[in-house]
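1. Starting from these lines, generate the structure:
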Amino acid sequence: MKVERGPQEQIDSFIDSLVMDRGSDERTAKAYRLDLELFFRWLGASEGQLKEDLSKEDRLEDDPSGYGLEGAMESYLGHLSGEKGLRFSTICRKHRVFGYYLSYLQEQGILRDIRPLQLPEQPEKAPADNFLTKKEVDAFFRAIDREYMELDSDFRRRVCLRDQVMMELLFYHRIEISELLRLEVSDYDRQAAVLKIRRKRERDRTVHLFSHALQEQMMRWLEEHTYFEHRGSYQDRMFLSKLGKPLSMKMVTNIFEKYRVLAGIEKACTPKDLKNGLGRYAEEVVRERC
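-> Alright, predicted model coming up:
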């Protein structure tokens, strides 16, 4: 007889079996866990309403087929898409994680049958221009330069230098944030000014830091790197937090947001918009020269 386990135990077992055993990194495991825990937290708060809303075959009763759980997951994804306004790419990622989880429950005999989860319809994108203009990009980097010059603490200037190098790598070399966070000190060839970009599923690539100013900033950052290492296990990572730990995507977003505000940029934009803005910037430069 199978012993019934609560959602938290099932999540723990799922992470151990399908994430850690496959060699996925800690960030992936943490993301999977958070997606599932947030769903079950929402489910606990919404279950009464769901029982009224779901059709008879999708009721949240003792259903070994799992259709009740699937219906709840679809309702949750719809809630995130419609009411919370999460990006469709985020909804797709959560949808994929839920599918993995359901398959795991079926393999363990906890669910008898499962059906494919339906994705909410992708909302039509409202016309929006989040690309940064040349004027905004210039103001963004001036805000970083200005802060670096005005800071009176050596350590805070080191932090600002780190942020400056990261933002310039995003903009000038269109490096993905995930790639930026995986960089190690040994990935930079100081003599050739070439940076090796570690990719998760594709071949590694290399980029040449064509800007002499960026090359100098990179060299200064590597000289300051020891102040962030704290003799920890992450000292080889290129970009570290003040505590000597790897930065997260949220931290990079917060850094971007800080300088967006300091630069007086009011439009809703993200580090990804900075990363994708070089083409438009170049077009504006050409127009100004014509």
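
2. Poorly predicted segments of the stretch 1-150 of the chain, please.
-> For the stretch 1-150 of the chain, the stretches with pLDDT under 70 are 1-6, 18-24, 46-67, 123-129.

3. try 80 this time
-> 1-7, 18-27, 45-68, 122-131 (pLDDT under 80).

4. now the strands for the stretch 151-290 of the chain?
-> Listed in chain order, the strands of the stretch 151-290 of the chain (DSSP state E, counting those that start in this stretch) span 188-189, 194-197, 205-208.

5. Could you save those as JSON lines and add columns showing mean neighbour count, mean pLDDT and distance to Lys242?
-> Glycine gets a C-beta too; all of them are placed from N, C-alpha and C. Putting the strands of the stretch 151-290 of the chain into JSON lines (neighbours: other CB atoms under 10 Å; pLDDT from 0 to 100; distance: least, CB to CB, whole Å) gives the following:
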{"stretch": "strand 188-189", "mean neighbour count": "16", "mean pLDDT": "96", "distance to Lys242": "21"}
{"stretch": "strand 194-197", "mean neighbour count": "17", "mean pLDDT": "94", "distance to Lys242": "23"}
{"stretch": "strand 205-208", "mean neighbour count": "12", "mean pLDDT": "92", "distance to Lys242": "27"}
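
6. Only alpha carbons, please: show stretch 26-40 as PDB.
-> This file holds the C-alpha atoms of stretch 26-40, laid out as PDB (Å, rounded to 0.1, in the frame of the first residue of the first chain):
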ATOM      1  CA  GLU A  26      21.200  24.800  -7.700                       C
ATOM      2  CA  ARG A  27      19.400  27.700  -9.400                       C
ATOM      3  CA  THR A  28      17.300  25.300 -11.500                       C
ATOM      4  CA  ALA A  29      16.400  23.300  -8.400                       C
ATOM      5  CA  LYS A  30      15.500  26.400  -6.500                       C
ATOM      6  CA  ALA A  31      13.300  27.700  -9.300                       C
ATOM      7  CA  TYR A  32      11.400  24.400  -9.700                       C
ATOM      8  CA  ARG A  33      10.800  24.300  -6.000                       C
ATOM      9  CA  LEU A  34       9.600  27.900  -5.800                       C
ATOM     10  CA  ASP A  35       7.200  27.400  -8.800                       C
ATOM     11  CA  LEU A  36       5.600  24.400  -7.100                       C
ATOM     12  CA  GLU A  37       5.500  25.800  -3.600                       C
ATOM     13  CA  LEU A  38       3.800  29.000  -4.800                       C
ATOM     14  CA  PHE A  39       1.200  27.000  -6.700                       C
ATOM     15  CA  PHE A  40       0.300  24.900  -3.700                       C
END
